[in-house]
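A.B. asks: Structural data only, the sequence is not supplied:
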């Protein structure tokens with residue numbers, strides 16, 4: 001049974017930091033590229049960051065470059081998103097996504113991040 005379980009979300013003040021984790025099971029994690037998406041109320045889901053299966057390549061949305069860092073630990077089947085200098089506009093539900101091909105992809109259920117004073 002495939003599972004992606006996100007954790008680490010919560011309420012944080014502007015300028016603060018959070019570290020999201022996504023624990024994977026039920027598939028060969030090291031074969032999959034991993035991505036973090038987010039969706040704010042009334043907005044479309046957008047990709048925030050991605051990392052290749054080996055961890056050798058990463059990419060980021062312009063809105064988070066220099067503030068967010070994606071990483072993975074293939075020995076623990078986990079991907080992380082370190083978020084710093086958080087802004088109110090970062091408020092969203094954050095989703096973990098595992099991608100092997102266009103037709104083979106898994107999603108987590110999401111974790112809420114709220115940036116507010």
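C.D. replies: Now that the structure is in, tell me what you want to look at. Note that the coordinates shown come from a computational prediction; the quantities given were computed from them, not determined experimentally.
A.B. asks: Of all residues in the chain, which one is nearest the centre?
C.D. replies: For the chain, the residue whose C-alpha lies nearest the mean C-alpha position (C-alpha atoms, centre = their mean) is residue 36; its distance is 2.8 Å.
A.B. asks: isn't that residue right up against residue 97?
C.D. replies: Yes - counting by C-beta atoms under 8 Å, a contact exists between residue 36 and residue 97, whose distance comes to 7.3 Å. Using the backbone N, CA and C atoms, a C-beta is placed for each residue, glycine as well.
A.B. asks: Where do the strands of the chain begin and end?
C.D. replies: When secondary structure is read from DSSP state E, the chain shows strands at 3-7, 10-12, 18-25, 33-39, 46-51, 58-60, 68-73, 78-83, 92-101, 104-107, 111-115.
A.B. asks: Is it possible to get CSV of the ones you listed that adds mean pLDDT?
C.D. replies: Below are these laid out as CSV (pLDDT from 0 to 100):
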stretch, mean pLDDT
strand 3-7, 97
strand 10-12, 98
strand 18-25, 98
strand 33-39, 98
strand 46-51, 98
strand 58-60, 98
strand 68-73, 98
strand 78-83, 98
strand 92-101, 96
strand 104-107, 93
strand 111-115, 98
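A.B. asks: show me the contacts for the residue nearest to the centre of the chain.
C.D. replies: 20, 22, 47-50, 70, 79, 81, 94-97 (C-beta atoms under 8 Å, 6 or more residues apart in numbering).
A.B. asks: Whichever of those end up buried, select them in PyMOL.
C.D. replies: In PyMOL, selecting the buried portion of those, with burial taken from 16 or more other C-beta atoms under 10 Å, looks like this:
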select buried, resi 20+22+48+49+50+70+79+81+94+95+96+97
